[in-house]
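Colleague: No letters, just coordinates:
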């Protein structure tokens, strides 16, 4: 993959949240779609993606750690799918990354809680962002719930049928058990997909999902990497969840949300 491929790859995952108006510039959808389908407007796609509030600090951090452009394809793949660029990261790197998220909108009180409970081996992968930092914590647009974590994490699914612009897939779902995030047994579901984004998708393929959007057909290597780094992300996040009290305690969650909103209003 070339450097410009990184922007197109990133657009595949970012398109869904932009359409939902959760992240990024309001007018970015067309640019991202053209980057995916036609491999054009890549400079404009890079500019738009750099304005995604929570995304870009991660790409910057991974790139900086390895002397790579934030939109190098290996950097983008590391964040959304997982690869060995993540393995060099340590707590000091992640503390610096949290400062970048603070500048993008992460409330001060949330950042302080995260610093206090930062696990031993944090990784700059989207599954760790979702399960540790939280869904929508940077923008305030989405509540951090288990259901939203499940929608937001990059999920591997196995295609079992393709028909009339719809995919039938099987995948495990995230749930809370004894205060920890777990993946359950695979369940079958159906979802719409764009044949221009996934031309030639067929039963047996592994696809990556993000907010119900089938973003990418995964190679066997990528599918294994996504499984591996998702498991690692959940393991590290689970070490911190009891102290963060982010899930399973509605009173604490309500108090935290109110404090975060006051923090945003004061900045």
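Modeller: Cool, got the structure. A quick note: this is a predicted structure, and the numbers were derived from the prediction, not measured.

Colleague: Select the longest helix from the protein.
Modeller: The longest helix of the chain (DSSP state H) is helix 220-244.

Colleague: residues contacting the closest residue to residue 216 other than its chain neighbours?
Modeller: Nearest residue to residue 216 in three dimensions, chain neighbours excluded: residue 208, at 4.6 Å (Cβ to Cβ, 6 or more residues apart in numbering). No exception for glycine: its C-beta is placed from N, CA and C like everyone else's. Residue 208 makes contact with 13, 80-81, 154-157, 214-216, 218, 222, 226, according to Cβ atoms under 8 Å, 6 or more residues apart in numbering.

Colleague: Mind checking which of those residues are buried?
Modeller: 13, 80-81, 154-157, 214-216, 218, 222, 226 (16 or more other Cβ atoms under 10 Å).

Colleague: Look up how far residue 41 lies from residue 184.
Modeller: For residue 184, the distance to residue 41 equals 40 Å [Cβ to Cβ, to the nearest Å].

Colleague: same question, residue 244
Modeller: Relative to residue 41, residue 244 is positioned 39 Å away (Cβ to Cβ).

Colleague: Let me see the ranges of the strands in this protein.
Modeller: Listed in chain order, the strands of the chain (DSSP state E) span 155-163, 166-171, 174-177, 180-183, 187-192, 206-210, 213-218.

Colleague: of all the ones you listed, which lies closest to residue 61?
Modeller: Judged by Cβ to Cβ, the one of the strands of the chain that comes nearest to residue 61 is strand 206-210, at 20.1 Å.

Colleague: For the residue nearest to residue 216, name its beta-bridge partners.
Modeller: For residue 208, the beta-bridge partners are residue 156, residue 216 (DSSP bridges).

Colleague: what's the burial count for residue 203?
Modeller: 12 (other Cβ atoms under 10 Å).

Colleague: That one reaches residue 161, doesn't it?
Modeller: Yes. Between residue 203 and residue 161 there is a contact under Cβ atoms under 8 Å: 6.0 Å.

Colleague: can you pull the contacts of residue 139?
Modeller: For residue 139, the contact set (Cβ under 8 Å, 6+ apart) comprises 22-23, 53-54, 105.

Colleague: Going by distance to residue 132, which of those residues wins?
Modeller: If you rank these by distance to residue 132 using Cβ to Cβ, residue 54 comes first, at 12.2 Å.

Colleague: The closest one - nearest residue in space that isn't next to it in sequence?
Modeller: Take residue 54 and drop its neighbours on the chain: the residue closest to it by Cβ to Cβ, 6+ apart is residue 138, 4.1 Å away.

Colleague: For that neighbour, grab the count of nearby residues.
Modeller: Neighbourhood size, residue 138 [other Cβ under 10 Å]: 23.

Colleague: May I ask you to confirm that it is in contact with residue 106?
Modeller: Yes. Using Cβ under 8 Å, residue 138 makes contact with residue 106 at a distance of 4.9 Å.

Colleague: what sits against residue 131?
Modeller: For residue 131, the contacting residues are 149, 153, 181, 233-234, 237-238, by Cβ under 8 Å, 6+ apart.

Colleague: JSON lines for those, including neighbour count and distance to residue 69?
Modeller: Shown next, in JSON lines, are those (neighbours: other Cβ atoms under 10 Å; distance: Cβ to Cβ, whole Å):
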{"residue": "149", "neighbour count": "23", "distance to residue 69": "30"}
{"residue": "153", "neighbour count": "26", "distance to residue 69": "25"}
{"residue": "181", "neighbour count": "23", "distance to residue 69": "32"}
{"residue": "233", "neighbour count": "26", "distance to residue 69": "24"}
{"residue": "234", "neighbour count": "23", "distance to residue 69": "29"}
{"residue": "237", "neighbour count": "26", "distance to residue 69": "28"}
{"residue": "238", "neighbour count": "17", "distance to residue 69": "33"}
